[in-house]
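Participant: A structural model of the following input is requested.
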Amino acid sequence: MNNGDQRRLNGEIEEDEEDEENNDGLAAWERAYADERSWESLQEDESGLLRPIDNQSLHHAQYRRRLRAATTARIQKGLIRYLYIVIDLSKAASEMDFRPSRMGVVAKHVEAFIREYFYQNPLSQVGLVTIKDGVAHILTDLGGSPESHVKALMGKLECSGDASLQNALDLVQGYLNQIPSYGHREVLIMYSALSTCDPGDIMETIQKCKKSKIRCSVIGLSAEIFICKHLCQETGGSYYIALDESHLKDLILEHAPPPPAIAEFATANLIKMGFPQRAAESSVAICSCHKEAKVGDGYTCPRCKARVCELPTECRICGLTLISSPHLARSYHHLFPIVPFDEVSMSLFSDQQNKLPKACFGCQQNLLGLGNKPGLRVACPKCKQHFCLVCDIYIHESLHNCPGCDSTRHSKIPAANEGG
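Facilitator: Alright, predicted model coming up:
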């Protein structure tokens with residue numbers, strides 16, 4: 001072997017050693033499955049055989065727990081919300097205990113939350129605030145366009161410096177103080193740091209938020225810290241620590257439905273709203289939002305005839321709240337939610353006298369499992385129709401009407417007409 005071959009061989013050995021060090025001593029087969037960890041999705045059944053975990057049933061069980069907790073009491077909810085999302089972009093957000101980083105995971109789930117928030121709260125508005133280098137920055141003002149918020153967020157994902165909780169609270173408190181009394185003021189903080197670098201007494205700032213009736217909630221990505229817990233206790237918010245990415249997703253989506261109304265704001269208020277007409281495609285007008293001329297694609301304020309780009313929004317000229325009728329209709333289901341469906345007991349299947357339906361009333365899919373064994377199903381307590389787990393979630397989260405009850409109601413109308 002000549003000297004060149006020996007040097008090349010030594011170089012390959014050194015590279016192999018570096019690869020082993022970089023992979024924390026994992027064997028090749030372990031590195032291939034380190035991300036998937038497919039063996040964790042197996043469980044042992046009654047006969048001792050391995051079978052995959054029924055993730056659909058687990059997801060449905062978690063969903064039903066949230067549904068029952070939300071509908072245990074009939075309480076008044078705030079349908080017109082003004083929410084600021086404060087995102088920690090300090091150097092702690094660059095930690096890689098969440099993949100690819102805390103910042104990347106937070107940005108992904110905040111994007112999904114913004115879209116879900118506007119779907120469930122079409123009359124509400126959101127604003128984005130970032131904290132880094134000890135300073136709080138307004139990323140977007142309060143508005144009703146999910147696309148503009150997402151675009152602004154994805155263009156400013158840079159981490160540096162320390163986080164300042166006091167500066168963020170002072171900033172949002174100044175903006176939310178201008179909100180009318182019928183609006184519900186909220187702050188959701190995605191906090192990655194283990195400390196806060198503040199210029200003054202943060203306790204005074206917390207008391208200001210409490211006096212302004214601002215509900216502050218915090219989702220932490222590291223360990224629990226006292227100041228965040230104290231903030232949430234004083235303002236009536238919630239404080240949770242995300243254990244992993246799926247837990248973070250569940251925690252942030254819990255803030256999408258309207259929260260209970262604060263007692264002082266629970267009184268009935270009449271709010272002036274305008275239903276603008278869509279502008280003609282060939283019309284040219286100056287948009288009051290962007291201060292520039294646009295052709296078509298806009299709405300005309302019924303009071304001052306100003307042009308706005310999107311709904312819902314507040315007219316920049318006369319201050320009238322502008323919405324469309326579908327927005328108002330989509331907010332209605334929060335006032336009268338569908339009751340949770342009841343799980344069908346397995347004892348009913350053994351009773352020969354009970355002839356239970358074999359297909360889901362919603363999607364008409366077979367409700368029997370392998371070997372014609374009965375699978376999990378739910379039944380509406382009013383119309384007694386049976387539904388699969390997928391339809392149960394779809395009815396309560398998207399449709400907001402029971403197909404069985406609606407079909408029964410519509411079938412009674414022709415019968416009444418024929419009798420008359």
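Participant: residue closest to the middle of this protein?
Facilitator: Of all residues in the chain, the one closest to the mean position by C-alpha atoms, centre = their mean is L253, 2.9 Å from it.
Participant: correct me, but that residue touches I114?
Facilitator: No. Assessed by C-beta atoms under 8 Å, L253 is found out of contact with I114, at 11.2 Å. Yep, even glycine has a C-beta here, placed from its N, CA and C like the rest.
Participant: distance between the ends of stretch 136-156?
Facilitator: Using C-alpha to C-alpha, to the nearest Å, the end-to-end distance of stretch 136-156 comes to 13 Å.
Participant: identify the residues contacting that stretch?
Facilitator: Stretch 136-156 has contacts (C-beta atoms under 8 Å, 6 or more residues apart in numbering) with 82, 84, 86-87, 89, 107, 110-111, 114-115, 117-118, 122, 124-131, 164, 167-168, 170-171, 175, 309-313.
Participant: take those residues and keep only those in strands.
Facilitator: With DSSP state E as the criterion, strands contain Y82, Y84, V86, I87, Q125, V126, G127, L128, V129, T130, I131, T313 from among the contacts of stretch 136-156.
Participant: need the contact list for the second one.
Facilitator: In this structure, Y84 makes contact with V126, G127, L128, V129, L142, V172, Y175, L176, E186, V187, L188, judged by C-beta under 8 Å, 6+ apart.
Participant: list the neighbouring strands of the helix or strand harbouring D141 plus their orientation.
Facilitator: Assessed by DSSP states H and E, D141 sits inside strand 135-143. Counting by DSSP bridges, the strands paired with strand 135-143 are strand 125-132 (antiparallel).
Participant: would you mind listing the buried residues in the partner strand?
Facilitator: Residues of strand 125-132 classed as buried: Q125, V126, G127, L128, V129, T130, I131, K132 (neighbour count, 16 or more other C-beta atoms under 10 Å).
Participant: let me know the distance separating the first one from D250.
Facilitator: As defined by C-beta to C-beta, to the nearest Å, Q125 lies at a distance of 24 Å from D250.
Participant: cool, the second one as well?
Facilitator: For V126, the distance to D250 (C-beta to C-beta) stands at 20 Å.
Participant: what do you get for the fourth one?
Facilitator: Distance, L128 to D250, by C-beta to C-beta: 21 Å.
Participant: got it, and the third one?
Facilitator: Using C-beta to C-beta, G127 is found at 24 Å from D250.
Participant: follow-up on the earlier one: as JSON lines, the contacts of Y84 with distance to Y332 would be great.
Facilitator: Below are the contacts of Y84 laid out as JSON lines (distance: C-beta to C-beta, whole Å):
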{"residue": "V126", "distance to Y332": "21"}
{"residue": "G127", "distance to Y332": "25"}
{"residue": "L128", "distance to Y332": "28"}
{"residue": "V129", "distance to Y332": "31"}
{"residue": "L142", "distance to Y332": "23"}
{"residue": "V172", "distance to Y332": "29"}
{"residue": "Y175", "distance to Y332": "29"}
{"residue": "L176", "distance to Y332": "26"}
{"residue": "E186", "distance to Y332": "21"}
{"residue": "V187", "distance to Y332": "27"}
{"residue": "L188", "distance to Y332": "24"}
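Participant: nearest to P257 among the residues you listed?
Facilitator: Checking the contacts of Y84 against P257 by C-beta to C-beta gives E186 as the nearest, at 12.2 Å.
Participant: so what are the sheet partners of whichever strand or helix holds the closest one and their directions?
Facilitator: Here E186 sits within strand 184-191, counting by DSSP H and E. Next to strand 184-191 in the sheet, as set by DSSP bridges, lie strand 81-88 (parallel), strand 214-220 (parallel).
Participant: quick one, what contacts L356?
Facilitator: V344, L348, F349, P374, H386.
Participant: all helices of the protein, in order?
Facilitator: If DSSP state H is used as the criterion, the helices of the chain fall at 3-22, 28-33, 55-70, 102-120, 146-154, 165-176, 202-211, 226-235, 245-253, 325-332, 347-350, 389-394, 403-419.
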